[in-house]
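Dropping the sequence and predicted coords here.
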Amino acid sequence: MSNNVLKQLKALRAQVRKYKDTLDYYEKLFREDGIIDNKEQAQLDQLNASIERIRNNISERETKLNFGNKVVNRFSAVTEGVGDFINQKDDIVNHSLVDQDAVNSTVTPPSEDTSGEATSSNPTVDTAPYSGSETWDPITNTRIKTLDARVQSSAFQFVNKVQADLNMTIRVSSAFRSIAEQDALFAKGNVTQARGGQSYHNYGLAIDVVEITNSGQANWNADWAKIASIGKGLGFEWGGDWTSFVDKPHFQMPFGKSVSELCLQHYPDRARELY
Ligand SMILES: [Zn+2]
């Protein structure tokens, strides 16, 4: 019984960290244009309210613990943010833990609209854009804009071409990640094997994608072979091709640079620590 309570507390703390990461991520994105508008502030407030609610829930449960469990719980809370450094392989192991909330709660499923659009009944008209700076998905649009400028148009094309050719909607679930964001993911222990500086995401040169089904759910068991053939056709390297470590949602454009070279170039202090 008591073990269960401790497990629940641990899960709640993980939830708080996830919300905090999400909050930090969006706050940074929103600030990019120099101002946080009312709508954006409302979204941030909502995230803060969720964090507050979970924290209250945690405190309430903690007061009911006996002394022994309080000690165990305190120790666990201090250590669980720190993961073991295993090796330097990119990348996300468990994508479903990243941006789970964004995937599950804010999806507007692509409409299979056959009602109003005049062009939708005409199969010879191909109105799907292959380039541009828009996709079906505002979240994806925002994330692509965090990437290195050289990768952005390929990423837009990727999402749009998958939609046009495969009739499948994919979302960019992760794009640029700061060093701090990468370290935070690494600290979760079961999400990524790359520390800050060791992922192409840290240089805006990688994306992770996920299929969003008609019901708005993320599908991590998508038809990766078909998705990858489009991505690779546009110049991306695919994590599914790796032999030592397979990472199917991951696509990157290294432009001939290894992560250690990039790290040395952009974050020399961090590079000295890692390499
Ligand atoms: Zn990735």
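Yep, that arrived. These numbers were taken from a predicted model, which means no experiment stands behind them.

who does the longest strand anywhere in the chain pair up with?
The longest strand of the chain (DSSP state E) is strand 206-212. Strand 206-212 has its sheet partners listed here by DSSP bridges as strand 170-174 (antiparallel), strand 218-219 (antiparallel), strand 250-252 (antiparallel).

Tell me what angle the helix or strand just after the shortest one forms with strand 206-212.
Spelled out, it's strand 218-219. Next in sequence after strand 218-219, counting helices and strands by DSSP states H and E, comes helix 224-233. With axes from the mean of the first three to the mean of the last three Cα atoms, to 10 degrees applied, the angle from helix 224-233 to strand 206-212 works out at 140 degrees.

before we move on, the earlier item: I'd like the strands paired with strand 206-212 as TSV, with distance to residue 56, mean pLDDT and mean neighbour count appended.
Every C-beta, even on glycine, is put in place using the N, C-alpha and C of the backbone. Formatted as TSV, those follow (distance: least, Cβ to Cβ, whole Å; pLDDT from 0 to 100; neighbours: other Cβ atoms under 10 Å):
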stretch	distance to residue 56	mean pLDDT	mean neighbour count
strand 170-174	29	96	25
strand 218-219	29	94	16
strand 250-252	37	96	26
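
Quickly check: the longest strand of the chain near the ion or not.
Yes: with Cβ under 5 Å from the ion as the criterion, the ion is reached by strand 206-212 at residue 208.

what's near enough to touch residue 141?
133-135 (Cβ atoms under 8 Å, 6 or more residues apart in numbering).

Can you name the residues bridging to the residue nearest to the spatial centre of the chain?
Per Cα atoms, centre = their mean, the C-alpha nearest to the average position across the chain is that of residue 174, at 3.2 Å. For residue 174, the beta-bridge partners are residue 208 (DSSP bridges).

Make 370 the starting number, not 1.
All right, first residue 370 from here; so that's residue 543.

Quickly note the distance from it to residue 592.
20 Å (Cβ to Cβ, to the nearest Å).

do the same with residue 509
19 Å.

okay, those two: which has more neighbours?
The neighbour comparison of residue 509 against residue 592 (other Cβ atoms under 10 Å) goes to residue 509, with 25 against 12.

SS state for the more buried one?
Of the three states, residue 509 takes helix under DSSP: H, G, I helix; E, B strand; the rest coil.

Leaving out chain neighbours, which residue sits closest to it?
residue 541 (4.5 Å; Cβ to Cβ, 6 or more residues apart in numbering).

residues contacting the one you found?
Residue 541 makes contact with 506, 508-509, 512-513, 524, 528, 576-578, according to Cβ under 8 Å, 6+ apart.

Noted, bye for now.
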